[in-house]
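Fold the following, please.
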Amino acid sequence: MLRNIQEWTMVLAIIGLITLVGNWIGYNVMPTQALPGMILLIVISIAGLALDKLLPFNIPAIAYISLIAIVLSIPGVPGSETVVKWTSEVNLLAITTPILAYAGIAIGRSWADFAKLGWRSLVVGSLVLLGTYLGSAVIAEIILRMQGII
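Alright, predicted model coming up:
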């Protein structure tokens, strides 16, 4: 368990540092200003991952992480104003960039497994991505036209 926590901490710290830089460059939020929120997000994530390993329920870790974050940010919970204030300094898109990069690296490490899936998987995956993109574009077009924005 200790080894898992060390690995999670290392990965989340790297993602946190990249997020702070992205937050600074993309959204003009100084790293020192966003650091408390980033540390809090890392601690919440580690707590949720630990609960996933410790509790006997078959619930994904993201559920524990979300539950902890929701409880900590409920108005009336002691310290919730501070939690919301700190985490609001960290932009969501600044977080997604390093996470997606890490996911790409993780997938890239298993090219042999990916190659075993065959060319059909590549075609199906491409069609799913294309369908998702086109579906999102059509829905956005309809909604924006209904609202008179375009």
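
So residue 5, which state does it fall into?
Per DSSP: H, G, I helix; E, B strand; the rest coil, the secondary structure class of residue 5 is helix.

Give me the distance between residue 45 and residue 57.
Residue 45 sits 18 Å away from residue 57, going by CB to CB, to the nearest Å. From N, CA and C alone the C-beta is placed, and that goes for glycine too.

Comparing these two, which residue is more hemmed in?
Remark: of residue 45 and residue 57, residue 45 carries more neighbours, 22 against 8, as counted by other CB atoms under 10 Å.

Isn't that one up against residue 11?
No - counting by CB atoms under 8 Å, residue 45 sits too far from residue 11 to count as a contact (9.7 Å).

So this structure: which segments form each domain?
For the chain, the structural domains run 2-110, 117-150, going by automatic domain parsing.

any idea which of these scores lowest on pLDDT?
Out of the domains of the chain, domain 117-150 stands lowest, with a mean of 84 (criterion: mean pLDDT).

so how far is that one from its chain's centroid?
Remark: domain 117-150 is offset 22 Å from the chain centroid, using CA atoms, centre = their mean, to the nearest Å.

going forward, begin numbering at 590 instead of 1
Fine by me, first position is 590 from now on; the one you just mentioned is domain 706-739.

list the buried ones in it?
Applying a neighbour-count criterion of 16 or more other CB atoms under 10 Å, one finds nothing buried in domain 706-739.

Quick check: nearest residue in space to residue 604, chain neighbours excluded?
Excluding its sequence neighbours, the residue lying closest to residue 604 (CB to CB, 6 or more residues apart in numbering) is residue 687, at 4.6 Å.
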